[in-house]
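>>> sequence and predicted structure are below.
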Amino acid sequence: MSSCVISEPVCVSIPEQKASLRSALIKSRPDEQPRQAQYDFMARAIAPLLPDDPFQLTAYLPIRRELDPLPLVERLKAFPIALPRTPSDPGPLDFRLWSPGDALDEGLFNTQEPPESAPRMRADTLVVLLPLVGFDRRLFRLGYGGGFYDRTLEMFRQQRRRVTAIGLAYNSQLSHAPLPVEPTDEVLHAVITPTTVYDQATRD
């Protein structure tokens, strides 16, 4: 039986709650990307979160007015990055190495992704930059509902990889009320916006 919140006289399931929140939060995204000074702030903010050991940075190419991570990656001098290939069947993402100028294929959901021929990511220490629809102060993330990143983070944990998962978001994507969560929802290490860092120290 699916979990729900009782609100007289209707029982609203967690997936239904998420769908309603998702629609509102996507609409809240601004049309403009962060200013250069805000990307500078984000680069300074992420520095203390990075591992001391060599690591592989994974990122994404934005869709639907998501915050573009590439100016941040440039400031971190972290190319080549690993970008996800989205599977046609439910499963974890498949990360391949990519640098600006490398070929891209059209993927599912109007995404751009490295071709299958691109080198597969092999690193054991990872910093994963995630897109998101919304987040709360507990560092739970609301995505588009496919569960790809949750399954990917779970896979990395099973593979005993060292993972630092950091969401990138606009301030408007913060849910001031706790997000509805399910057992498969992963907690992030931090979320960085153009003006604020939400991490374990600020977690409610």
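Thanks, I have it.
>>> report the buried residues of the top helix by length along the chain.
In the chain, taking DSSP state H as the definition, the longest helix is helix 14-27. By neighbour count with 16 or more other C-beta atoms under 10 Å, helix 14-27 contains the buried residues 14, 17, 18, 21, 22, 25. Quick note: C-beta positions are derived from backbone N, CA and C, even for glycine.
>>> how close does the fifth one sit to residue 28?
It refers to residue 22. Look at residue 22 and residue 28: by C-beta to C-beta, to the nearest Å, they are 11 Å apart.
>>> ok, the fourth one next?
Noted for residue 21: a distance of 10 Å to residue 28, by C-beta to C-beta.
>>> centroid-nearest residue for this protein?
Centroid-nearest residue in the chain, with C-alpha atoms, centre = their mean: residue 130, separated by 1.8 Å.
>>> sketch out the low-pLDDT regions of the protein for me.
For the chain, residues meeting the criterion pLDDT under 70 lie at 1-10.
>>> now the helices for it?
Per DSSP H, the chain carries helices over the ranges 14-27, 36-46, 70-76, 148-158.
>>> of all these, which one is nearest residue 89?
Closest to residue 89 of the helices of the chain is helix 148-158 (C-beta to C-beta; 11.0 Å).
>>> give the buried residues for that closest one.
For helix 148-158, burial by neighbour count (16+ other C-beta under 10 Å) applies to 148, 149, 150, 151, 152, 153, 156.
>>> of those, closest to residue 109?
Of all the buried residues of helix 148-158, the one with the least separation from residue 109 (C-beta to C-beta) is residue 148, at 9.8 Å.
>>> the closest one: what's it in contact with?
Going by C-beta atoms under 8 Å, 6 or more residues apart in numbering, residue 148 touches 84, 86, 87, 90, 91, 92, 93.
>>> make JSON lines out of those residues and add neighbour count.
Listed next are these as JSON lines, based on neighbours: other C-beta atoms under 10 Å:
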{"residue": "84", "neighbour count": "25"}
{"residue": "86", "neighbour count": "14"}
{"residue": "87", "neighbour count": "15"}
{"residue": "90", "neighbour count": "9"}
{"residue": "91", "neighbour count": "13"}
{"residue": "92", "neighbour count": "18"}
{"residue": "93", "neighbour count": "22"}
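>>> pick out the most distant pair among these.
Distances among the contacts of residue 148 were taken as C-beta to C-beta; the most separated pair is 84 and 90, at 14.1 Å.
>>> now the strands for this protein?
4-7, 10-13, 56-58, 81-85, 94-98, 105-106, 112-113, 125-130, 134-135, 141-142, 162-168, 190-192, 197-199 (DSSP state E).
>>> who does the fourth one touch, helix- and strand-wise?
The elements that strand 81-85 packs onto, with contact taken as 3 or more C-beta pairs under 8 Å, 6 or more residues apart in numbering; DSSP states H and E, are strand 56-58, strand 94-98, strand 112-113.
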